[in-house]
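Q: Build the 3D model from these lines:
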Amino acid sequence: MQPFDILVAGEINPDLILSGNVIPEFGQVEKLVNDASLTIGSSSAIFACGAARLGLKVAFIGVCGGDVFGRFMLDEMQKRGVDVGNVIVHPNGQTGLSVILNNGVDRAILTHLGLIAELRASAITDALLMQARHLHVASYFLQTKLQPDLPALFKRAQSLGLTTSLDTNYDPSEKWIGFDELLAVTNVFLPNEAEAKSLAGAENVHEAADRLNVRVEALAIKLGKDGALGMSKGERIRMKSIPVNVVDTVGAGDSFDAGFIYGYLNDWSLEKSLRLACVCGALSTQRAGGTDGQPTLEEALKYVSG
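A: Down below sits the predicted model:
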């Protein structure tokens, strides 16, 4: 029996969220904002926390600095049950940071990459892979040093008995290059609607699903407040979300991913896995930040039937 259900290979950065009248004025003008909070950031870390919150045993490997932001991230992830013993800490390095300017209806994001891109596939040893049942990777386009060797890493993981999942996030270049080889060794693909259509070269989400489904074992396309579309083994399911009072959508997609992977690892039906995913994504939006609203399995199952 492996000690972990999931190994997450990902980026590490907190989010500094400033809320209120956050449009800056240059010329040394000081403005006051309504609120400031330092929260867990990064798609990979939010996913890891969501999976641990559901009761899965999660290990994380990534790179951060020995600075205050790195220590904050490691402490907060540990508090949420994520094993960070394999994280690579550069004592004098700078951890990545995103500053989110939130005015209530829209947001702007300023990101300092720091060590976000520094994880390499060579750091993910066979011995580490063999401690888990599943390997998850997110923020593909930020993890530039992991990118070239990710197909080989996924293939190596599968040869050791692990299943794999991928949430690319959006490609800033909009080129979507190199996915034929990567999707061929991806068991579960978790794009949102825009990502799915761009990657498949499709005009609508159903066409995108048809094109992507033949390349992976299971596909779950996030549709935001409209729920999700899933396909697996010839089955197609459209799932609605649940009504919630939305406070903050940061990390909702990562919480969705955690719910779907929980179902996948427990051999749930596509319909039930999609339902849990939609519930986890929706419930996470009821609190500010990406992790504070993530539900326990008991809380989420109140909305899941079947």
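
Q: Quick check: bridge partners of Ile109?
A: The partner list for Ile109 in beta bridges (DSSP bridges) reads Ile100.

Q: count of neighbours near it?
A: Using other CB atoms under 10 Å, the number of residues around Ile109 comes to 13. All C-beta spots, glycine's among them, are computed from the backbone N, C-alpha and C.

Q: pretty sure it contacts Val99?
A: Yes: with contact defined as CB atoms under 8 Å, Ile109 reaches Val99; the gap is 7.2 Å.

Q: Could you check how far Val188 is from Leu32?
A: Shown here: Val188 relative to Leu32, a distance of 45 Å by CB to CB, to the nearest Å.

Q: out of the two, which sits in the busier spot?
A: Shown here are Val188 and Leu32; by other CB under 10 Å, Val188 has more neighbours (23 against 6).

Q: buried sites along stretch 90-104?
A: His90, Gly93, Gln94, Thr95, Gly96, Leu97, Ser98, Val99, Ile100, Leu101, Asn102 (16 or more other CB atoms under 10 Å).

Q: Same check on stretch 214-225?
A: Residues Arg215, Val216, Ala218, Leu219, Ala220, Ile221, Lys222, Leu223, Gly224, Lys225 are the ones in stretch 214-225 that count as buried (16+ other CB under 10 Å).

Q: ok, and the closest non-adjacent residue to Phe240?
A: Phe isn't right for residue 240; it's Lys. In this structure, Lys240 finds its nearest non-sequential neighbour in Gly227, 4.4 Å apart by CB to CB, 6 or more residues apart in numbering.

Q: just to revisit the earlier point, among the buried residues of stretch 90-104, which pair sits farthest apart?
A: Largest separation among the buried residues of stretch 90-104 by CB to CB: His90 and Asn102, giving 30.0 Å.

Q: who's in contact with Phe60?
A: Each residue near Phe60 by CB atoms under 8 Å, 6 or more residues apart in numbering is listed here: Leu7, Val8, Gly10, Ser44, Ala45, Ala48, Met77, Val82, Asp83, Val84, Asn86, Val87.
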